[in-house]
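>>> model this:
(one chain, ligands or ions: 1)
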Amino acid sequence: MTSKIDNIDLAFTRKPGSGIREEPTYSGALSFARRRYTKNLEGCDIAVVGIPFDLATTSRPGARLGPRAIRTASSMIAWDRVHGWEFDPFENQSVVDFGDVLFDPGAPAGVPDEIKAQFEDIHRQGVKTLMLGGDHFTTYPVLQSLAQFHDEPISLIHFDAHSDTWEEDGESINHGTMFYHAAKQGLVDPTHSVQIGIRTYNEDTHGFNIYSAEDVQAMGVEAVVKKVKNIVGNRPVYLTFDVDCLDPSMAPGTGTPVIGGMTTMTAQQILRSLRGINLQGADVVEVAPAYDVSEITALAAATIAMNMVALFASVKA
Ligand SMILES: [Mn+2]
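You can find the predicted model right below:
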């Protein structure tokens, strides 16, 4: 029998690989999905890592508070199995909360390299990352790190209202241009990457395959997923989910909302159906709690992240 003290504050009392255990949703120290907070990654499969950075936003800032909001919201769903999956993704893989990376926001030019170096330390240990943003620029240094550990360019599966491939001269710290640079530098292979939910204008696709929000509705989940799986094949995949892919009615708490977006149900169905892809890293970004209502955006992001945990685990299930 476990004592009462072992069933509270699992953020620092949890034993490795102990699946789901119940803790009151309204109390206790908060970590992502009540995983153990640790900087020790021995025996760890997935590290949840926050990047509380939002200096690259072009409209409303505030995503620096995203990791904290997503962790808080995750406590509401940590007691249960992830809906739609027939296994407990915390049983067959070890998931820990690594906390946040550290950087100096007063010296922004150095921030990308500071983030990249800390992800290199994690990736070098063979640990995959589930990153909580932060604005979408934060994906860029994570990709820069990950690409170094793969011989072939990474395939991006990118959920967003925006392509984030707007062209620019030079390289700025901007959450709307980083995938232009990622493709140009060969970090990702656009011809084997796909953007889903797009509904903003960009005169150039830069080679990325695109399914707009309207395409998804017209084609249906099954047809979209079939296309996506054909595009990425068995290549290493990085899955990035900008919460503004969702309709603002379901995710108002974000910096650059765009109407006419995907429902949370559709997003979950697509994520579940992606089972079988060669997932090497994932993130959920652009949650800006100041514009949120009743924590619905944070809850959506936390649930999307839980589905990503299941997607990581599904190769072993
Ligand atoms: Mn976006």
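
>>> Now do the strands in the stretch 1-150 of the chain.
Counting by DSSP state E, counting those that start in this stretch, one finds strands in the stretch 1-150 of the chain at the ranges 46-51, 95-100, 128-133.

>>> For the first one, which outside residues touch it?
To tie it back to what came earlier, the one meant is strand 46-51. Contacts made with strand 46-51 from outside it, assessed by Cβ atoms under 8 Å, 6 or more residues apart in numbering, are listed as 31-33, 35, 41, 66-68, 70-71, 93-101, 115, 118-119, 122, 127-134, 138, 142, 305, 309, 312. C-betas here are computed from N, CA, C, even on glycine.

>>> That strand to strand 95-100, inter-axis angle?
Computed by axes from the mean of the first three to the mean of the last three Cα atoms, to 10 degrees, the angle separating strand 46-51 from strand 95-100 equals 20 degrees.

>>> still on that earlier bit, in CSV, list the strands of the stretch 1-150 of the chain along with mean neighbour count and mean pLDDT.
Written out in CSV, the entries for these read as follows (neighbours: other Cβ atoms under 10 Å; pLDDT from 0 to 100):
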stretch, mean neighbour count, mean pLDDT
strand 46-51, 25, 98
strand 95-100, 22, 97
strand 128-133, 25, 98
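
>>> The ion: which of those strands is closest?
The closest of the strands of the stretch 1-150 of the chain to the ion is strand 128-133. By Cβ to the ion, the value is 10.8 Å.

>>> Help me see whether that closest one makes contact with the ion, please.
No. Counting by Cβ under 5 Å from the ion, no contacts exist between strand 128-133 and the ion, the nearest distance being 10.8 Å.

>>> just checking, what packs against that strand?
Under the contact criterion of 3 or more Cβ pairs under 8 Å, 6 or more residues apart in numbering; DSSP states H and E, the helices and strands touching strand 128-133 comprise strand 46-51, helix 66-74, helix 111-124, helix 139-147, strand 278-285, helix 296-313.

>>> and of those, who's closest to the ion?
Minimum separation from the ion across these (Cβ to the ion) falls at strand 278-285, 8.3 Å.

>>> ok, that closest one: who's next to it in the sheet?
Sheet partners assigned to strand 278-285 using DSSP bridges are listed as strand 128-133 (parallel), strand 236-242 (parallel).

>>> Tell me, how many residues neighbour Q269?
Burial measure for Q269: 19 neighbouring residues, criterion other Cβ atoms under 10 Å.

>>> Check M308 too.
As a burial measure, M308 scores 25 neighbours (other Cβ under 10 Å).

>>> Identify the residue spatially nearest to F53, adjacent ones excluded.
Ranked by Cβ to Cβ, 6 or more residues apart in numbering and with sequence neighbours excluded, the top spatial neighbour of F53 is G134, at 4.7 Å.

>>> Repeat that for G28.
Nearest residue to G28 in three dimensions, chain neighbours excluded: D9, at 4.9 Å (Cβ to Cβ, 6+ apart).

>>> Might you report the residue contacts of that neighbour?
In this structure, D9 makes contact with 23, 28-29, judged by Cβ under 8 Å, 6+ apart.

>>> Can you tell me which of the residues you listed end up in helices?
Using DSSP state H to define helices, no part of those is located there.

>>> Pipe those into TSV and attach pLDDT per row.
Conversion of the contacts of D9 to TSV gives the following (pLDDT from 0 to 100):
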residue	pLDDT
E23	84
G28	86
A29	89
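
>>> Skipping adjacent residues, who's closest to the residue most central in space within the chain in space?
The structure's the chain has its C-alpha centroid closest to D283; by Cα atoms, centre = their mean the separation is 1.5 Å. The shortest distance from D283 to any non-neighbouring residue, by Cβ to Cβ, 6+ apart, is to M131 (3.8 Å).

>>> What about D45, how many residues nearby?
Other residues lying near D45 total 18 when counted by other Cβ under 10 Å.

>>> Assess the claim that E214 and R199 are in contact.
Yes. Checked against Cβ atoms under 8 Å, the pair E214 and R199 is within contact range at 7.4 Å.

>>> shouldn't T165 be in contact with F208?
Yes. Shown here, T165 and F208 form a contact pair, counting by Cβ under 8 Å, at 6.5 Å.
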